[in-house]
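# I would like the atomic coordinates for the input below:
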Amino acid sequence: MIRIKSVKPMKDYFLNIVFDDGREVDYDMKEDMQLPGYSDLKAIPGLFHQVQLDQSRTCVFWNEYIDLPSDILYKYGKKHI
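Alright, predicted model coming up:
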């Protein structure tokens, strides 16, 4: 299982994620915000910046309805420059 070391919200709805293996990526959330429920990240002021890492470190979440698993973030995140 891919574990996340840290997650940080960035400008323009990007997440900066560092994984336990040292890989660092920037994940663009704008496409996800087109999915049901994820639009709240844009519609509710400040919600996007409240991203958290779950206890198992295999998922990031904002509330009980909005989350993303580490394997998706790892696969689709772009290498941080």
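# show me which positions of the helix or strand hosting Asp26 end up buried.
Using DSSP states H and E, Asp26 sits in strand 24-28. Judged by neighbour count (16 or more other Cβ atoms under 10 Å), strand 24-28 contains these buried residues: Val25, Tyr27. Where you see a C-beta, it was placed from the backbone N, CA and C, and this is true even at glycine.
# do stretch 35-45 as well
Residues Tyr38, Leu41 are the ones in stretch 35-45 that count as buried (16+ other Cβ under 10 Å).
# how far off centre is that stretch?
13 Å (Cα atoms, centre = their mean, to the nearest Å).
# cool, stretch 60-75 as well?
With Cα atoms, centre = their mean as the basis, stretch 60-75 stands 6 Å off its chain's centre.
# just to check, Phe48 is in contact with Met29?
Yes - the criterion here is Cβ atoms under 8 Å, and Phe48 meets it with Met29 at 7.2 Å.
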